[in-house]
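> Here's my sequence, what's the structure:
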Amino acid sequence: MTPLLHTLAALSRSEDAYLATADENWLQGRTIYGGLIGALSVAAARAELPGLPPLRSAQFVFVGPAAGPVSLHPQLLRQGRSASFVSVDVMADGALSARALLTFAAPRQSRHSFQDLPAPTAPPPDKGFALFDAPGAPRSTSNFDGRFVGGGIPFSGAARPELLLWLRHKNAAPHDEAALVALADASPPAVFPIFAQPAPISTVNWSIDLFAEPPPPTDWLLTQTSSTHVQDGTSVQLTRMWTADGAPILEARQLVALYD
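Coordinates of the predicted model:
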């Protein structure tokens, strides 16, 4: 198994692109785990453009499968006084696999502040069961610790498409935004609890907004994932993450294609 720390460190420059290879422990079905594609995109942008301010927002469109070596092509779209916009194309087998749009922005002074993201009440991680030890879990989940503490169990035919769990990195990971992006995609899809049996899914697009500096990768983060709309072979899901102290870390939205 290759930890995230080593996978990102192995990112190498070649002419106009950055090259990366994902070991089998990072596969999700026949493609590279989407969270790793996101983490590699952030790492490539920072390698190409040192000195970028903190990552504030990221959008990813997953166009096609990616397995084996990939090349990442970062491009600075605009650099303002406080914000920079960077696109990253991810290529696999000569075809576009994913496209990322990353927004980096320094903090700015403002007279206004408001927050309405209270963490849900949840048992501590040691009271949950190890969700990723279940038979049939994707290989990519071997990189994370996940403790189920609420909502519906995947493939249980539950009434509502939602899960509540604690997440953290299991193996060596950097203390940076790339590691947080990788972790943000680790939860099972919110629609899985209402499935009565396993069926394939595929992420179409994924958007993340970051609220705070990334916590250490070994910290447990409370993660709530729920589908707001499931119809016509797609699921729209919302994911939120908090620290153990209840501080909000990020909010993400995802469109998932269902093949059930």
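> packing partners for the longest helix along the chain?
As assigned by DSSP state H, the longest helix anywhere in the chain is helix 34-48. When contacts are defined as 3 or more Cβ pairs under 8 Å, 6 or more residues apart in numbering; DSSP states H and E, helix 34-48 packs onto helix 4-9, strand 17-21, strand 55-62, strand 69-79, strand 83-92, strand 95-105, helix 177-184, strand 201-210. For the C-beta atoms, the positions are set from N, CA and C on the backbone; glycine is no exception.
> right, and those - which one's nearest Lys127?
Of all the helices and strands packed on helix 34-48, helix 177-184 sits nearest to Lys127, with 20.6 Å by Cβ to Cβ.
> Pull the residues that contact the closest one.
Defining contact as Cβ atoms under 8 Å, 6 or more residues apart in numbering, one finds that helix 177-184 is touched by 4, 8, 33, 35-36, 38-40, 42-43, 46, 54-55, 58, 143-144, 167-169, 173, 208, 210, 214-215, 217, 221, 239, 241, 249-250, 252.
> what do you get if the cut-off is 7 Å, keeping everything else the same?
For helix 177-184, the surrounding residues in contact (Cβ atoms under 7 Å, 6 or more residues apart in numbering) are 4, 8, 35-36, 38-39, 42-43, 55, 58, 144, 167, 169, 173, 208, 210, 214, 217, 221, 239, 241, 250, 252.
> between that helix and strand 201-210, how big is the angle?
Relative orientation of helix 177-184 versus strand 201-210 (axes from the mean of the first three to the mean of the last three Cα atoms, to 10 degrees): 130 degrees.
> rewinding a little: quick one: mean pLDDT for the longest helix of the chain?
Per-residue pLDDT over helix 34-48 has a mean of 97.
> Give me the buried positions along that helix.
Residues 34-46, 48 are the ones in helix 34-48 that count as buried (16 or more other Cβ atoms under 10 Å).
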